[in-house]
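1. Provided below for reference: sequence and predicted model.
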Amino acid sequence: MKIAVFASAAVIALAAGLGAAAARDQVQVAGSSTVLPYAKIVAESFGEAFPDFKTPVVESGGSGAGIKQFCEGVGEDKIDIANSSRPIKAEELDTCKANGVADVEEVKIGYDGIVFATDIAGPDFAIQPVDIYKALAAQVVVDGKLVDNPYTKWNEVNPAFPAWDIAAYIPGEKHGTREVFETKLLDVGCDKDALKAAGVADDAVAKTCIAVRKDGKAVDIDGDYTETLARIDSNKTGVGVFGLAFYENNADKLKVATVGGVVPSTETISSGEYPVSRPLFFYVKKAHIGVIPGLKEYVDFFISDDMIGPDSPLAQYGLVAAPDAEREEIRAKFDAGTTM
Amino acid sequence: MTDAALPHAAVDTAAPAKRDFGLKRRHAAEFRFRLYGIVAIVIGLGFLAILLVSIVSKGYTAFVQTSITVPVEFSASIIDKDNERATNPRVLVSANYPIVARNAVAKALGVSIDDKAAMRDIAKFVSDGSRSTLREIVLADPSVIGTTRNVTLLAAADIDSANKGQIDLTVPQDKRKVSDQQVAWLDQLKQQGAISTPFNWGLLTFGASSRPETAGLGVALVGSLYMMAIVLLCALPIGVAASIYLEEFAKKNRFTDFIEVNINNLAAVPSIVYGLLGLAVFINFFGMPRSAPIVGGLVLTLMTLPTIIIATRAALRAVPPSIRSAALGIGASRMQMVFDHVLPLATPGILTGTIIGLARALGETAPLLLIGMVAFVADRPTSPLDPATALPVQIYMWANEAERAFVERTQGAVLVLLIFLALMNIAAILLRRRFERRW
């Protein structure tokens, strides 16, 4: 009994004392779950290629949470890199600066495509942004009047579609993907003049355009693509939104839809033909470079062509590589140490 | 009591008046109640069976891993083409071992090394983890360079899935991860006897990996072990000391009542709240490292404490007062009474409560999320201060992976976690059986 008391006292003392004293010798990364698989591949390859450094630790949790952690301050107990599937917002950068994270370097790693897919046995879908808007918006204009979305079947939206009940599994509101979905599809497909003609105030138009119906036909998925896949598995007439990489890993279960007549692929996305894509980033704390062992090497390794080039393991996983000139630019920018 | 007298009474009265005791109704009620009970048990067991069958049927394949045994030529022209290993040993570390592995498989299949397209497909046949396998062999014994040796390499995850029959070969070739040519090669290697499916020790020893075939629970097991040790070392003495004081020494007044209510409330606090507390206190205030099992262990300690205190107090209360009176009556001090008589009798209850608290802590992910333990950690931790994950965290992370081969690994990891939980619960039952005393 006494030994146990002493042992636990020792553990607590050890934790308080050593915890503060221990120097961190591995890079710590947090952020976007979209960037996570890529960061994992890079971290693992980095550990194998540089036996002198420890393998970086990569946390997930979402772009917003990652940037928030990143902006908490400078020091060994704060993370070094935040992965993000969207650019950092001005107010987030302000928080960073207020907490002493003055120099933030932005590094773009490539592009991510967002695709629509149905069960493999389903018919071909050729989607235009306007179809998505009509099928999923909360309110649409019918005969010059703004009404709650009356469409219940896909063929009512567009006669070329099958007579399936509308059931779309779209990314939830906390996902970075949702923003792309709203700006590249709903907003594009929305006829703003018709909305204004139907009496929507000018400043409410943009908001009305991206409001998604809440009657159960559009289901927000707050988990990740595995959940969306499970929904499609159980509802064979559902339409799901996936990342290109996830689709390519499950192409034997899913059939991909074209958007604006373009089949999503790494080629069509990097050329900009396929409309629904977004850049992926990570943010580096400049104050940590040279302090945390391996941080500079990790970033250099990440943005080398071995990792983000067209034949790299990341491209094989589904990352759309940036064009050659842009990759050169990314490297030059990091070498120069340009901060935001 | 009066049973013996009853027959006489029955004989005496000629025609006993039929009285309604509601016997039929009461029997029917009892029958219905029993039926409800049986139905409830059957439903419970049914769901348990469905759960177990679905986990086992999806997960058992994770315990074997397809491996390819081929003669590997450790060609000096690939590993050390400038012959500088004597002066610069780093060449052996950074050599292009995947090419060595690829060429070995190509040779076994009789494919020419100059056939670029075929070589690309063959490169996808062996795991990229072969880099470390071959590197270890060469670093351990550099004289192997220039010779040929039989080496067992892990098959890539897609080939592993194909070998286990998890890939639907009726789907058109461009829609699946394994081409017809690769399936044909797999069959060819099988006929040569090069394919084996040994027990997947890697599942228990490897750290996290982006490649399913080299992903394992190693880091998570070590992390969970550290955390359980810390919880046991911290929560048990603190919890037992607190309950002994509250139960045996403290005066019963408003203040101790207040403490008791608070402890009971703490036991019901959602675990994520302890995660927030851990982040604020241990990481931000004490400056302990992120993602480290020491912080996880301390957070789980806080979470487990109320459970242990409640169980210990119940166990102490179950010791009959006569034991206490007898000890005091023969002149023992209060402390001798507690430590020599009450505590030994309460031990089985305390241990059961502790083990159940530990089992609950072992299955927790939510509080670990905020202290950075839901992370990709590839290096095995050497101390509780190094980054690590935990078993349920690894399950969560694998469940989110896109690759097909992670599905079976997720279920396999669930099985491992269930086995640990079952072992702990069995230990609790055995301890109770062994030490329990009845009065």
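-> Structure's in. What do you need?

2. can you give me the distance of the closest residue to residue B:341 other than its chain neighbours to residue A:269?
-> Among residues not flanking residue B:341 along the chain, residue B:327 sits closest, at 4.6 Å (C-beta to C-beta, 6 or more residues apart in numbering or on different chains). Every C-beta, even on glycine, is put in place using the N, C-alpha and C of the backbone. To residue A:269, residue B:327 is 79 Å away according to C-beta to C-beta, to the nearest Å.

3. which of these two has more residues huddled nearby?
-> residue A:269 (26 against 18; other C-beta atoms under 10 Å in any protein chain shown).

4. ok so, going back, next, the buried residues of whichever strand or helix holds the residue nearest to residue B:341.
-> According to DSSP states H and E, residue B:327 maps onto helix B:321-329. Of all the residues in helix B:321-329, those buried under the rule 16 or more other C-beta atoms under 10 Å in any protein chain shown are B:324, B:327.

5. is the helix or strand encompassing residue A:233 up against chain B anywhere?
-> Using DSSP H and E, residue A:233 sits in helix A:225-234. Yes: Helix A:225-234 is in contact with chain B by C-beta under 8 Å from any C-beta of the partner chain, via A:225-226.

6. packing partners of the following helix or strand past that helix?
-> Note on helix A:225-234: by DSSP H and E, the next helix or strand toward the C-terminus is strand A:239-243. The contact analysis (3 or more C-beta pairs under 8 Å, 6 or more residues apart in numbering or on different chains; DSSP states H and E) places strand A:239-243 against strand A:104-119, strand A:168-171, helix A:176-181, helix A:225-234.

7. and these as JSON lines, adding distance to residue B:358?
-> JSON lines is the format used below for these (distance: least, C-beta to C-beta, whole Å):
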{"stretch": "strand A:104-119", "distance to residue B:358": "42"}
{"stretch": "strand A:168-171", "distance to residue B:358": "38"}
{"stretch": "helix A:176-181", "distance to residue B:358": "38"}
{"stretch": "helix A:225-234", "distance to residue B:358": "30"}
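
8. now these in a markdown table, with mean pLDDT?
-> Shown next, in a markdown table, are the helices and strands packed on strand A:239-243 (pLDDT from 0 to 100):
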| stretch | mean pLDDT |
| --- | --- |
| strand A:104-119 | 90 |
| strand A:168-171 | 89 |
| helix A:176-181 | 80 |
| helix A:225-234 | 87 |
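
9. what's the spacing between the residue nearest to residue B:341 and chain A?
-> To chain A, residue B:327 is 17 Å away according to C-beta to the nearest C-beta, to the nearest Å.

10. which of the helices or strands spans the residue of chain B found nearest chain A?
-> The nearest approach of chain B to chain A comes at residue B:288, 3.3 Å away (C-beta to the nearest C-beta). In this assignment (DSSP H and E), residue B:288 forms part of neither any helix nor any strand.

11. close to chain B, is stretch A:41-57?
-> Yes: counting by C-beta under 8 Å from any C-beta, chain B is contacted by stretch A:41-57 at A:41, A:43-44, A:47-49, A:51, A:54-55, A:57.

12. and those residues, which of them are buried?
-> Taking 16+ other C-beta under 10 Å as the criterion, what is buried in the residues of stretch A:41-57 next to chain B is A:41, A:43-44, A:47-48, A:54-55, A:57.

13. and the residues you listed, which two are furthest apart?
-> Using C-beta to C-beta, the two most remote members of those are A:41 and A:54, lying 16.8 Å apart.

14. re earlier: check which element follows the helix holding residue B:327 along the chain.
-> Using DSSP H and E, the helix or strand that follows helix B:321-329 in sequence is helix B:334-336.

15. buried set for that following helix?
-> Per 16+ other C-beta under 10 Å, helix B:334-336 contains no buried residues.

16. next helix or strand past it?
-> Downstream of helix B:334-336 (by DSSP H and E), the next one is helix B:343-362.

17. if you count neighbours, what's buried in that next one?
-> For helix B:343-362, a neighbour-count test (16+ other C-beta under 10 Å) marks B:343, B:345-362 as buried.

18. flag every residue of the stretch 151-300 of chain A that's near chain B.
-> The stretch 151-300 of chain A has residues A:223-226, A:245-246, A:249-252 near chain B, with proximity defined as C-beta under 8 Å from any C-beta.

19. give me that answer again for 10 Å
-> Contact residues, the stretch 151-300 of chain A versus chain B (C-beta under 10 Å from any C-beta of the partner chain): A:223-227, A:229, A:242-243, A:245-255.

20. derive a ChimeraX selection command for the buried subset of the residues you listed.
-> To isolate the buried members of those in ChimeraX, using 16+ other C-beta under 10 Å:
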select /A:224,225,226,227,229,242,243,245,246,247,248,249,250,251,252,253,254,255
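
21. circling back to that earlier point, and the angle from the helix holding residue B:327 to helix B:343-362?
-> Interaxial angle, helix B:321-329 versus helix B:343-362 (axes from the mean of the first three to the mean of the last three C-alpha atoms, to 10 degrees): 130 degrees.
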